[in-house]
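> here you go, sequence then predicted model.
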Amino acid sequence: MDAMKIAFIGLGLMGYPMAGHLARTLETLIWNRSAEKAVSHAQEFGSRVAGSIADAAQSDILFTCLPTSKEVLELLPHIITGAKAGLIWVDCTSGDPASARQIALSLEAHGIRFLDAPVSGGVKGAINGKLTVMVGGDADTLETVRPALETFAAKIVHCGPIGAGMAVKAANQALLGVNILALSEVLLGLERQGVTSRTALEVINSSSGRSNVSQNLFPERVIGRAFPNTFSLKLMTKDVRIAAQSLREQQIPSPVTALTEQLLEVALRELGDVDHVAAAQLLERWAGLELGVE
């Protein structure tokens, strides 16, 4: 594995530290739309800046981590043009399963293997190298790239065929959205009855209704009124939209996911591209209350 060349495209909040972990262990090329960020990364982690997307594709394993599948699809002709024989493309974007399948099919004719491998764990997990990676695609190909994934991941799960990783990621994000909105509702209702949110969370977090949202996100961000935007509402809304569309395509009754999608779309329009947990502020506005104010 040490002799393999790695490339990483997309140095956003997640990609920057992920590529950093790779560069500490393996020879790593980087490319980013903002060249200044790529130069900073090279100075910080010892990576090397690729001259172009096609140059980055002259590697053994290419990682991408971009906002949506749209940006990934735009890379496709450049990757095909520059690809080294036997290239494996690992896309860590939280994209949509249909696009993953489309990309894999396009690459197959050129001898390029593809895995969809979105990640979970947030910026903190990326910085600490403790992400969870959910992978769709060929199991043997996953084993080839596993040592590289392990530089930034604590858990790697093979979810199924191409698109399965992205499907699981979207489902996870839908649950995150449901939890944020549902917890906002019940806490606002309890505030109206004279129960502070801090007291309510103390009970909930030692009872069956607890979740990561109630235990970690709400105490800091909603009750503490600190919304650092480590993951944007725009991106979460995109992920929940993917989950809702997938359920519709599979003809699965999904009223809860559909309503969550609609509410997040409204929150995005009214609040702008704020931190995802700030979606709680939509319900606060409607209720005329602010959670955590005592």
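Structure's in. What do you need? Numbers count the residues shown, from 1 in each chain.
> does Cys159 touch Gly136 like I think?
Yes. In this structure, Cys159 is within contact of Gly136 by CB atoms under 8 Å, at 5.6 Å. Where C-beta positions appear, they are placed from N, C-alpha and C, glycine not excepted.
> find the residues that touch each one of those two.
Here Cys159 and Gly136 share the contacting residues Gly165, Ala167, scored by CB atoms under 8 Å, 6 or more residues apart in numbering.
> which residues touch Leu235?
Leu235 touches Pro67, Ser94, His276, counting by CB under 8 Å, 6+ apart.
> same list (those residues) but as TSV, adding pLDDT.
Putting these into TSV (pLDDT from 0 to 100) gives the following:
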residue	pLDDT
Pro67	95
Ser94	96
His276	96
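> and these, which is closest to Lys124?
Relative to Lys124, the closest of these is His276; by CB to CB it sits at 14.2 Å.
> what about the closest one, neighbour count?
Neighbourhood size, His276 [other CB atoms under 10 Å]: 28.
> equivalent analysis for Ser69, please.
What Ser69 shows, counting by other CB under 10 Å, is a neighbour count of 23.
> what's the spacing between stretch 253-271 and its chain's center?
18 Å (CA atoms, centre = their mean, to the nearest Å).
> ignore the last one, stretch 198-208
The gap between where stretch 198-208 is centred and where its chain is centred comes out at 28 Å by CA atoms, centre = their mean.
> likewise for stretch 96-107?
Between the centre of stretch 96-107 and the centre of its chain there are 18 Å (CA atoms, centre = their mean).
> mind listing what's buried in it?
For stretch 96-107, a neighbour-count test (16 or more other CB atoms under 10 Å) marks Asp96, Pro97, Ala98, Ser99, Ala100, Arg101, Gln102, Ile103, Ala104, Ser106, Leu107 as buried.
> give me the residues contacting that stretch.
Residues from elsewhere that reach stretch 96-107, judged by CB under 8 Å, 6+ apart: 69, 72-73, 76, 79-80, 89, 91, 113-114, 116, 136-137, 162-167, 170, 242, 245-246.
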